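A.B. asks: Generate coordinates for the sequence data below:
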Amino acid sequence: MSDPTEANGTTGAAEAESGQTAGGGAAARHVRVVLVDDHRMFRTGVQAEIGQTEQTGVEVVGEAADVDQAVTVITATRPEVVLLDVHLPGGGGVEVLRRCAPLMADAEQPVRFLALSVSDAAEDVIGVIRGGARGYVTKTITGTDLVDSIFRVQEGDAVFSPRLAGFVLDAFASTDAPPVDEDLDRLTQREREVLRLIARGYAYKEIAKQLFISVKTVESHVSAVLRKLQLSNRHELTRWATARRLV
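C.D. replies: Modelled structure (predicted):
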């Protein structure tokens, strides 16, 4: 099959207008994507799942593991869609969005962002949407649905996992800004994630497995959370998180 960009004259125009290629099939979709996630194994898995360009139409043109890498790669490659994790070293997905705001605002070649995260917390969803992301899906999504979501975002649609859409509707239906929680703001994105899992009753080993970090790292995060919130143990931490509806 010839490349559609090589077609010319009336035949090429007719094919473009009808959405058909010379072979009679549907015109091939194509989207350039950058993967931003601090877990290399997860990036590798996503690449294997969606990056078979001939089958999916998705071309992965770059990867990044933290905020600085993400901004550099996105600026250099100018993808059409960025799959963005919420919790990243260097300031999180919100910081990537802030620093890439000029690229999102480009009228001719906008870079659009789709959050892809393990977190289903309302504050994470609302934070990246306020930052400019076009959608938010969780890592339980299937490869087929993720590909579909990427193309929808490329076309300008807003895409959410079903349960998460309600968070956004509720947040933007209110004219009042959400109250600032100074205690919560002291925590990093990763510390909030560990806090939420601790409050849900997960053991350290379970948290380590879910977040792809070591048990020692989990312990360090818990110690930091207890210190910042001036709490003594995980039971007090659970009560604190429950009172703020973080569980």
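
A.B. asks: Return the set of buried residues in the helix or strand hosting residue 205.
C.D. replies: Secondary structure assigned from DSSP states H and E places residue 205 in helix 204-211. Buried positions in helix 204-211, judged by neighbour count with 16 or more other C-beta atoms under 10 Å: 204, 207-208, 211. For glycine as for every other residue, the C-beta is placed from the backbone atoms N, C-alpha and C.

A.B. asks: and if you look at stretch 222-241?
C.D. replies: The neighbour-count criterion (16+ other C-beta under 10 Å) identifies 222, 224-226, 229, 234, 237-238, 240-241 as the buried residues of stretch 222-241.

A.B. asks: Name the surrounding residues that touch it.
C.D. replies: 183, 186-187, 191, 194-196, 198-199, 201, 204, 247 (C-beta atoms under 8 Å, 6 or more residues apart in numbering).

A.B. asks: how far does that stretch stretch from start to finish?
C.D. replies: Stretch 222-241 stretches 13 Å from its first residue to its last (C-alpha to C-alpha, to the nearest Å).

A.B. asks: Could I get the average pLDDT for that stretch?
C.D. replies: For stretch 222-241, the mean per-residue pLDDT is 89.

A.B. asks: centre of the chain versus it, how much separation?
C.D. replies: 28 Å (C-alpha atoms, centre = their mean, to the nearest Å).

A.B. asks: Stretch 217-230 now?
C.D. replies: Put simply, stretch 217-230 sits 25 Å off its chain's centre (C-alpha atoms, centre = their mean).

A.B. asks: which parts of whichever strand or helix holds residue 124 are buried?
C.D. replies: Per DSSP H and E: residue 124 is located in helix 122-131. Of the residues in helix 122-131, those buried under the neighbour-count criterion (16+ other C-beta under 10 Å) are 122-129, 131.

A.B. asks: Please enumerate the strands of this structure.
C.D. replies: Applying DSSP state E to the chain gives strands spanning 31-36, 58-64, 81-84, 112-117, 135-138, 159-160.

A.B. asks: Just list what the longest one packs against, helices and strands only.
C.D. replies: Going back to what we said before, that points to strand 58-64. strand 31-36, helix 40-50, helix 67-77 (3 or more C-beta pairs under 8 Å, 6 or more residues apart in numbering; DSSP states H and E).

A.B. asks: chain center to the last one: distance?
C.D. replies: Meaning helix 67-77. Worked out by C-alpha atoms, centre = their mean, helix 67-77 lies 15 Å from the chain centre.

A.B. asks: now it against strand 112-117, angle please.
C.D. replies: 150 degrees (axes from the mean of the first three to the mean of the last three C-alpha atoms, to 10 degrees).

A.B. asks: what's the angle from helix 67-77 to strand 58-64?
C.D. replies: Going by the same axes, to 10 degrees, helix 67-77 makes 140 degrees with strand 58-64.

A.B. asks: do the shortest one as well
C.D. replies: For strand 31-36 and strand 58-64, the angle between their directions (the same axes, to 10 degrees) works out to 30 degrees.

A.B. asks: okay, strand 31-36 in PDB with CA atoms only?
C.D. replies: Written as PDB, here are the backbone C-alpha positions of strand 31-36 (Å, rounded to 0.1, in the frame of the first residue of the first chain):
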ATOM      1  CA  VAL A  31      -0.300   9.400  16.300                       C
ATOM      2  CA  ARG A  32       3.100  10.200  17.800                       C
ATOM      3  CA  VAL A  33       3.300   9.600  21.500                       C
ATOM      4  CA  VAL A  34       5.700  10.200  24.400                       C
ATOM      5  CA  LEU A  35       5.600   8.000  27.500                       C
ATOM      6  CA  VAL A  36       6.300   9.700  30.800                       C
END
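
A.B. asks: Done for today, thanks.
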